[in-house]
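1. this is a predicted model, with the sequence first.
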Amino acid sequence: MSSATWRNVFTYNKYTQIAARALRQSLNESERVQAEKRGLTILRYQNWENGVGGPQTHLVPPVEKEIKQGVV
Amino acid sequence: MLARSTLRLAAQPPALGAAPAGARNMATLREIELRLKSVRNIEKITKSMKMIASTKLNKAQRAMQAGKQYGVANSEVFQHAPAEDPAKRKLFIVISSDKGLCGGIHSSVTKATRRIFADTESSVESDSPIMVIGDKSKAQLSRALGKNLVMSFNQIGRDIPTFADAAGVADLIIKSDVKYDSIAIVYNKFVSAISYESAVMEVETEEALKNSPGFKAYEMEEEVTKDLAEFALANAVYAALVEGHACEQSARRNAMDNASKNASDMIGKLQMQYNRGRQASITNELVDIITGASAL
């Protein structure tokens, strides 16, 4: 196997998160629902300079739920 | 002449504070009634918050038992491979949460951080970077050590913290351009269901691991060491997050318990006052009626 090049792109933590997400999505229905809760994160962060905070940005942008049109 | 003097007497304003006796009792009775109603509502709210916090505490404690194992496994590597020279530039990660009404959780962690900075014996540089998780501690620290603040995170701690949260935090720390020799995580350690104390967890960086003499025994490759350092940071952050969450729930339960007790004490006292006032005004009215009747 050639040496892994993913280390140039992202960290080991991101690597495990991607693998975990793949595993969770491959589980059976009931286990998948339980496991999805363990993968949730609504983290927000902001950078600070000189005691002044920057804008808050979501780490994972929340999925916008589309408003379903009523069926006529 | 006599008429003028009686007029003058009648025109004099009544002595300060001496409203007609019956009217004053009625006013204070109304006030006491209002206070009683509002304190009763407060007691209901604090009681329900206490119930919610104690159910959440059970879940949080179970998660903490599981999560602490990650932290223990982490520190084992650092114990066998301690850093050679003491770190000069430490990155502080302060762990608290966004919600209030939980006693002294946030100020305990903030005070510990400020104490470390004020302690002139420890070799901590005064411009060591600080990263904060949680809005409450962020507000306190931005007033106290605002210049050192580098990054802040929030929206953690609504529910039990997940490893995804910790991995996200660790990734953001690594990707930021902050320079540090080692990392110190300041969090609340769970001592028992009614007490907690602030503690510091040390995490080493990749270079410190590589230079440590004990690490050669592990015979790791270069790339895997970098992976280990990153994963160790995420582990340590996860352990601290989960333990801090459990401390917060227990502190909130205790605070709401005390508040409910105080509220029920207040209700007892106010109820006594109200009854006494009511009986006094009834007695006064009776006296008025009887003297009026006897004067006829």
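-> Sure thing, it's come through.
2. near the closest residue to chain A within the stretch 51-200 of chain B, how many residues? Count them for me, please.
-> Among all residues of the stretch 51-200 of chain B, B:G146 sits closest to chain A, at 3.3 Å; criterion: Cβ to the nearest Cβ. (C-beta placed from N, C-alpha, C; glycine too.) Applying other Cβ atoms under 10 Å in any protein chain shown, we find 14 residues neighbouring B:G146.
3. and what of B:A259?
-> So B:A259, with other Cβ under 10 Å, has 18 neighbours.
4. next secondary structure after the longest helix seen in chain A?
-> Identified as the longest helix of chain A according to DSSP state H is helix A:12-25. Using DSSP states H and E, the next helix or strand after helix A:12-25 towards the C-terminus is helix A:29-38.
5. can that following helix be said to contact chain B?
-> Yes: judged by Cβ under 8 Å from any Cβ of the partner chain, helix A:29-38 comes into contact with chain B at A:37-38.
6. given the next helix or strand after that helix, what are its sheet partners and their directions?
-> Using DSSP H and E, the helix or strand that directly follows helix A:29-38 along the chain is strand A:44-49. Strand A:44-49 pairs in its sheet with strand A:52-53 (antiparallel), strand A:57-58 (antiparallel), strand B:149-154 (antiparallel), by DSSP bridges.
7. now strand A:44-49: buried residues?
-> A:45, A:47-48 (16 or more other Cβ atoms under 10 Å in any protein chain shown).
8. hmm, who's touching it?
-> Here strand A:44-49 makes contact (Cβ atoms under 8 Å, 6 or more residues apart in numbering or on different chains) with A:53-59, B:142, B:149-155, B:172, B:176.
9. just the buried ones from those?
-> Using 16+ other Cβ under 10 Å, the buried ones in these are A:59, B:142, B:149-155, B:172.
10. gap between B:M256 and B:Q249?
-> For B:M256, the distance to B:Q249 (Cβ to Cβ, to the nearest Å) stands at 11 Å.
11. just checking, what packs against the longest helix of chain A?
-> Where contact means 3 or more Cβ pairs under 8 Å, 6 or more residues apart in numbering or on different chains; DSSP states H and E, helix A:12-25 is packed against helix A:29-38, helix B:163-175, helix B:222-295.
12. test my guess that B:G157 contacts B:K99.
-> Yes: using Cβ atoms under 8 Å, B:G157 is in contact with B:K99, at 7.1 Å.
13. find residues that contact each of the two.
-> Going by Cβ under 8 Å, 6+ apart, residues that sit against B:G157 and also against B:K99 are B:E248.
14. neighbour count winner among the two?
-> Each of B:G157 and B:K99 has its neighbours counted (other Cβ under 10 Å); B:G157 has more, 21 against 15.
15. residue contacts, that one?
-> With Cβ under 8 Å, 6+ apart, B:G157 has these contacts: B:97-99, B:134, B:241, B:244-245, B:248.
16. SS state for it?
-> Following DSSP: H, G, I helix; E, B strand; the rest coil, B:G157 is assigned to coil.
17. quick test: name the residue nearest the centre of chain A.
-> Closest residue to the average C-alpha location of chain A: A:V60 at 5.2 Å, with Cα atoms, centre = their mean.
18. ramachandran angles for the residue nearest to that residue when sequence neighbours are not counted?
-> Residue nearest to A:V60 in three dimensions, not counting chain neighbours: A:T41, with 6.2 Å by Cβ to Cβ, 6 or more residues apart in numbering or on different chains. Main-chain dihedrals, A:T41, degrees, to the nearest 10: phi -150, psi 130.
19. A:T41 and B:T162 touch, don't they?
-> Yes: between A:T41 and B:T162 there is a contact under Cβ under 8 Å: 6.1 Å.
20. circling back: so what's the residue of the stretch 51-200 of chain B closest to chain A scoring on pLDDT?
-> pLDDT recorded at B:G146 is 84.
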